[in-house]
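this one's sequence-less:
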């Protein structure tokens, strides 16, 4: 009987420890999500001065948990001629990829986010901005 009793206590102890660390892990993920959402809701984007950007292909990336984007932006004659989405880890934000067409058409980051995919839209815009601004010190 003592042996069964000790085994039960050990099992409950292991379960309790697992639950404790599981709850802490979930809490950490929720905190990261909340911080990411707050950050994505307050993003600003540069007014690109394409006259200052030389011909070339530029890479940029941006990540805010749980979204991660990497792009390759090509500029010719001071116009953005293509934006290649190299990586877009997005959950359900795939519709945001349409924002690339908006940027190409307007030649600006000052475009409306794709409805229903605002956060992914903003992260894509920030990756484009990073490619053009960081590489060209605007």
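That came in fine, so what should we check first? Since we're looking at a predicted model, the values are computed, not measured. Numbering: from 1, shown residues only.

so where is this structure shaky, pLDDT-wise?
Along the chain, the parts satisfying pLDDT under 70 run over 1-41, 135-138.

how about 90 then?
Applying pLDDT under 90 to the chain flags the ranges 1-48, 64-67, 90-93, 116, 118-119, 134-138.

which residues of it fall in strands?
56-64, 67-76, 79-89 (DSSP state E).

hey, which of those is tucked in deepest?
Ranked by mean neighbour count, these are led by strand 67-76 with a mean of 20 (mean count of other Cβ atoms under 10 Å). (Each C-beta comes from the backbone N, C-alpha and C, glycine too.)

paired strands for that strand, with orientation please.
strand 56-64 (antiparallel), strand 79-89 (antiparallel) (DSSP bridges).

what's the closest of the ones you listed to residue 47?
Of all those, strand 79-89 sits nearest to residue 47, with 13.8 Å by Cβ to Cβ.

need the contact list for residue 81.
With contacts defined as Cβ atoms under 8 Å, 6 or more residues apart in numbering, residue 81 is in contact with 74-75, 104.

correction: the previous question concerned residue 43.
122, 125-126.

quick one, phi psi at it?
Per-residue torsions, residue 43: phi -80, psi 140 (degrees, to the nearest 10).

one step back: residue 64: which of the contacts of residue 81 is nearest?
residue 104 (23.3 Å).

quick one: residue 56 from residue 106, how far?
21 Å (Cβ to Cβ, to the nearest Å).

cool, and residue 91?
The value you get for residue 91 to residue 106, if Cβ to Cβ is used, is 26 Å.

check residue 62 too.
In terms of Cβ to Cβ, residue 62 sits 20 Å off from residue 106.

and residue 109, what does it touch?
Counting by Cβ under 8 Å, 6+ apart, residue 109 has contacts 45-48, 103, 125, 128-129.

one more pass at 6 Å, please.
45, 125, 129 (Cβ atoms under 6 Å, 6 or more residues apart in numbering).

what about the second one, how many neighbours?
Residues contacting residue 125 under the criterion other Cβ atoms under 10 Å number 25.

pretty sure it contacts residue 45?
Yes - here residue 125 reaches residue 45: they are 5.5 Å apart, a contact under Cβ atoms under 6 Å.
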